[in-house]
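K.L.:
pasting a predicted model and its sequence here:
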Amino acid sequence: MALDRQRIVAEAVALLDAEGLDGVTTRKLAARLGVQSPTLYWHVPNKAALVTAIADAILDQEFGEMAPPGPDQPWPDWLAALAGRLRRALLAHPDGARVVSAAQLSATMAALSELAMSTLVARGVPLRQARVIVLTVERFTVGHVLEEQAPRPDAEALTGFDMATFGERHPTVVAAITEYFRPGRTVDDLFRDCLEVVIAGAAATAGTTT
């Protein structure tokens, strides 16, 4: 099979799925493709370009189609759904949020931002506010997934951790976590609730929700 950029990126995504971002090296990628590392540079000039290509591939799986809201759909609802799709794209791959946050000049992320900002401007939101709102929503979403995908504390890290003392020092934190994650509640609910606060505040400052 001929080696081309599409095949290289597809194999890089498979390597990401197998070993996470830290495992994505040109040496390992070249080995999976059955070529020498320098051969890759004809198609992907450096690691930064490779990471950006992986980011676009990850996002394209969810955002193959992007469309503005319908005439009767409020922009806050549409923007919240767009953020949900972004989170879904990032969670679909190990370290998806790390990849996208490290990408340089991602064409798909730029297209997503363009659509979101132009939609808000068309709905009467001033350009400066539209940019701030979209960046805030995007960065909240990526940051939320970064935390979701971060490694959990292992047994060694928890050695010596006294939960009873922690609870005594931070009773409100513990009570709030316990109350929020009652049976049936998941991190999906937490994302939606936090996003609702972000977008509601954005809508209030923009002075329009239509």
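P.N.:
Sure, I can see it. Numbers count the residues shown, from 1 in each chain.
K.L.:
burial measure for the nearest residue to Y180 once chain neighbours are set aside, as a count.
P.N.:
Counting by Cβ to Cβ, 6 or more residues apart in numbering, the nearest residue to Y180 once its immediate chain neighbours are dropped is L190, at 7.1 Å. Where C-beta positions appear, they are placed from N, C-alpha and C, glycine not excepted. By the criterion of other Cβ atoms under 10 Å, L190 has 14 neighbours.
K.L.:
over to the one 5 residues further on?
P.N.:
Burial measure for L195: 19 neighbouring residues, criterion other Cβ under 10 Å.
K.L.:
okay, and V174 sits in which element?
P.N.:
Under DSSP states H and E, the secondary-structure element containing V174 is helix 171-180.
K.L.:
swap in V51?
P.N.:
Secondary structure here is read from DSSP H and E; on that basis V51 sits in helix 47-62.
K.L.:
H43 and A55, how far apart?
P.N.:
H43 sits 16 Å away from A55 when distances are taken as Cβ to Cβ, to the nearest Å.
K.L.:
which SS class is the residue nearest to Y180?
P.N.:
Using DSSP: H, G, I helix; E, B strand; the rest coil as the criterion, the local structure at L190 reads helix.
K.L.:
circling back to that earlier point, the helix holding V51: how far from the chain's middle?
P.N.:
Here the centre of mass of C-alpha atoms in helix 47-62, compared against the chain's by Cα atoms, centre = their mean, to the nearest Å, lies 12 Å away.
K.L.:
tell me the mean pLDDT over it?
P.N.:
For helix 47-62, the mean per-residue pLDDT is 96.
K.L.:
tell me the angle the next helix or strand after that helix makes with helix 47-62.
P.N.:
Next along the chain after helix 47-62, taking DSSP H and E as the criterion, comes helix 75-91. Inter-element angle recorded for helix 75-91 and helix 47-62: 120 degrees (by axes from the mean of the first three to the mean of the last three Cα atoms, to 10 degrees).
K.L.:
if we can go back for a sec, run through who's touching the helix holding V174.
P.N.:
Defining contact as Cβ atoms under 8 Å, 6 or more residues apart in numbering, one finds that helix 171-180 is touched by 166-167, 190.
K.L.:
pull out the buried positions in the longest helix along the chain.
P.N.:
Longest helix in the chain by number of residues, with DSSP state H as the criterion: helix 127-149. Buried residues in helix 127-149, counting neighbours by 16 or more other Cβ atoms under 10 Å, are found at 129-134, 137-138, 140-142, 144-146, 148-149.
K.L.:
tell me the one of the residues you listed nearest G23?
P.N.:
Nearest to G23 out of the buried residues of helix 127-149 is Q149 (Cβ to Cβ; 14.4 Å).
K.L.:
how much space is there between the closest one and G64?
P.N.:
Q149 sits 23 Å away from G64 when distances are taken as Cβ to Cβ.
K.L.:
tell me the contacts of the most centrally placed residue in the chain?
P.N.:
With distances taken as Cα atoms, centre = their mean, V142 lies nearest the centre of the chain, 3.7 Å away. With contacts defined as Cβ under 8 Å, 6+ apart, V142 is in contact with 86, 90, 97, 100-101.
K.L.:
list the contacts of the closest residue to L120 other than its chain neighbours.
P.N.:
Computed as Cβ to Cβ, 6+ apart, the closest residue to L120 that is not its neighbour in sequence is A130, at 3.8 Å. Under the criterion of Cβ under 8 Å, 6+ apart, the contact list for A130 reads 116-117, 120-121, 206.
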